[in-house]
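Asker: What follows is a predicted structure for the sequence shown.
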Amino acid sequence: MSKPEKLPAHAIIIAGGRGTRFWPRSRTRTPKQLLNIVGAKTMLVQTVERLRPAFPASRVWVVTNTEQAAAVRKQLPGIAASRVLAEPVGRNTAAAIGLAAVHLAQQSNDALMTVLPADHYIAQPEHYRKIVAAALQVASTPGQLVVLGIPPAHPETGFGYIERAREAEASGGFPVFAVERFTEKPALAVAQEYVASGRYYWNAGMFFWRVSTFIERLKKYLPATHGALMRLGDAIGTRRYAATLKRIYPKLENISVDYAIMERATQPGEPPSVFVLPAEVGWSDIGSWAAVHELQAKTPSENVSAGPHFVLDATGNMFWSPRKFVAAIGVKDLIVVETPDALLICPRDRAQDVGKIVKWIEQNKKNWLL
């Protein structure tokens, strides 16, 4: 790798999701990332804290939505209100990252961007920070896009995968591989082949690049979105900004950065410019209540509870009822989540279906439960 240019590095935290699989705790104004799903602090606060001291508050940005912006600012009082960017409507990650990029472009000639989800768990933050520093070193080369790859623990069908090339270079003592291709959620047999090959990683949605690199790729692959965001950039710092954002943003293409840029950058005929760093850091996307049990229980049969409880011949359950005493007899592998207005009961192996409850609530216009 060539000697990197020294640029300021900013963290862009994407925090606009709804967390429907964590209903009934996760609601429109208080979604998963704003809750203490694992640990005493919220997922958003944990995400910001694990970046310190590499990213001081002056170089942390959060992209969220108008419903959640006030709660985000309240949870992160050390971050300037102007660095909490509120989308008027959700337009997926390509637009959200673009919004942050045009703000950064207005602030400085160029900078490095570290793009991270707000709601993931990382057990080894110190090791993680070292890998982030190595990724930024690679990303400092103009035109290069970098992603962290999680070594797969099992043949997961719910994640996208990254296939690496065979040859490796190094950055900061960590191996760096060119990316052959990105693949979406595979069938089980395919996922088993991926894991057995040793050449595939889970895509955890953690990206690194220069602001200029991202804007150039946006212009190449999403020219309409690029043009609209450039017009928005011209309005930053003026009285026109709020009205321009409200007018332009709903018209942006609704597409993830994975589809819009990362996959297209690895198509045949494109020069090698996408790199992956393996990141074995104790990562979990905490995608469901079952994943919470998996993180907190020492064994699959252990019961986990957020409050006082007693069990008799009950194993593998997870109870969230911090204010009420829970007594369970003869039940196995259940998720029980209690809030003042709702009670969720489901088998642990059906935890991914909790989002379907939210769809039913929406369809039946029971909005007080959202």
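Answerer: Great, that's in hand.

Asker: quick one: the closest residue to residue 118 other than its chain neighbours from residue 366, how far?
Answerer: Using Cβ to Cβ, 6 or more residues apart in numbering and skipping residues adjacent in sequence, the residue nearest residue 118 is residue 15, 3.6 Å away. Yep, even glycine has a C-beta here, placed from its N, CA and C like the rest. According to Cβ to Cβ, to the nearest Å, residue 15 stands 26 Å off from residue 366.

Asker: of the two, who's got more company?
Answerer: Taking neighbours as other Cβ atoms under 10 Å, residue 15 and residue 366 compare with residue 15 leading, 30 against 10.

Asker: okay but the more buried one is in contact with residue 45, surely?
Answerer: No - the pair residue 15 / residue 45 is not scored as a contact, 10.9 Å apart, by Cβ atoms under 8 Å.

Asker: For the stretch 1-150 of the chain, which segments are assigned as helices?
Answerer: 43-49, 69-75, 92-107, 125-139 (DSSP state H, counting those that start in this stretch).

Asker: what mean pLDDT would you report for the second one?
Answerer: For helix 69-75, the mean pLDDT works out to 96.

Asker: buried sites along it?
Answerer: 69, 71, 72, 73, 75 (16 or more other Cβ atoms under 10 Å).

Asker: Over to stretch 104-123?
Answerer: For stretch 104-123, by 16+ other Cβ under 10 Å, it's 104-105, 110-122.

Asker: Give the bridge partners for the most centrally placed residue in the chain, please.
Answerer: Central residue of the chain (Cα atoms, centre = their mean): residue 117, 2.2 Å from the mean position. On the basis of DSSP bridges, residue 117 is bridged to residue 14.

Asker: List the contacts of it.
Answerer: In this structure, residue 117 makes contact with 13, 14, 47, 204, 205, 206, 285, judged by Cβ atoms under 8 Å, 6 or more residues apart in numbering.

Asker: what's the answer for residue 59, then?
Answerer: So residue 59 contacts 8, 9, 10, 11 (Cβ under 8 Å, 6+ apart).

Asker: Pull up the gap between the residue lying closest to residue 353 once chain neighbours are set aside and residue 356, please.
Answerer: Spatially, and ignoring its direct neighbours in sequence, residue 353 is nearest to residue 346 (7.1 Å; Cβ to Cβ, 6+ apart). Between residue 346 and residue 356 the computed distance is 10 Å (Cβ to Cβ).

Asker: Which residue ranges make up each domain of this structure?
Answerer: 9-284, 289-369 (automatic domain parsing).

Asker: what's the closest of the helices of the stretch 1-150 of the chain to residue 22?
Answerer: Closest to residue 22 of these, according to Cβ to Cβ: helix 43-49, at 10.1 Å.

Asker: Low-confidence regions, the stretch 101-250 of the chain specifically.
Answerer: By pLDDT under 70, the stretch 101-250 of the chain has no low-scoring segment.

Asker: With distance to residue 246 added, can I get the helices of the stretch 1-150 of the chain in JSON lines?
Answerer: Output for the helices of the stretch 1-150 of the chain, formatted as JSON lines (distance: least, Cβ to Cβ, whole Å):
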{"stretch": "helix 43-49", "distance to residue 246": "25"}
{"stretch": "helix 69-75", "distance to residue 246": "14"}
{"stretch": "helix 92-107", "distance to residue 246": "13"}
{"stretch": "helix 125-139", "distance to residue 246": "32"}
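
Asker: Of these, flag the one that's most buried.
Answerer: Among those, ranked by average contacts under mean count of other Cβ atoms under 10 Å, first place goes to helix 92-107 (a mean of 22).

Asker: all helices in the stretch 151-300 of the chain, in order from the N-terminus.
Answerer: 188-197, 211-221, 223-235, 241-248, 257, 263-265, 289-296.

Asker: Check the offset of the shortest one from the chain's centre.
Answerer: It stands for helix 257. For helix 257, the distance from its own C-alpha centre to the chain's C-alpha centre is 12 Å (Cα atoms, centre = their mean, to the nearest Å).

Asker: hang on, the earlier thing: any idea how far the residue nearest to residue 353 lies from residue 355?
Answerer: Distance from residue 346 to residue 355, by Cβ to Cβ: 12 Å.

Asker: May I see the PyMOL selection of the buried members of the contacts of residue 59?
Answerer: Buried subset of those, written as a PyMOL selection, criterion 16+ other Cβ under 10 Å:
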select buried, resi 9+10+11
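
Asker: Return the subset of the contacts of residue 59 lying in strands.
Answerer: With DSSP state E as the criterion, strands contain 9, 10, 11 from among these.

Asker: of all those residues, which comes closest to residue 238?
Answerer: residue 10 (22.1 Å).

Asker: Quick check: the closest one touching residue 55?
Answerer: Yes - Residue 10 is within contact range of residue 55, at 7.3 Å (criterion: Cβ under 8 Å).
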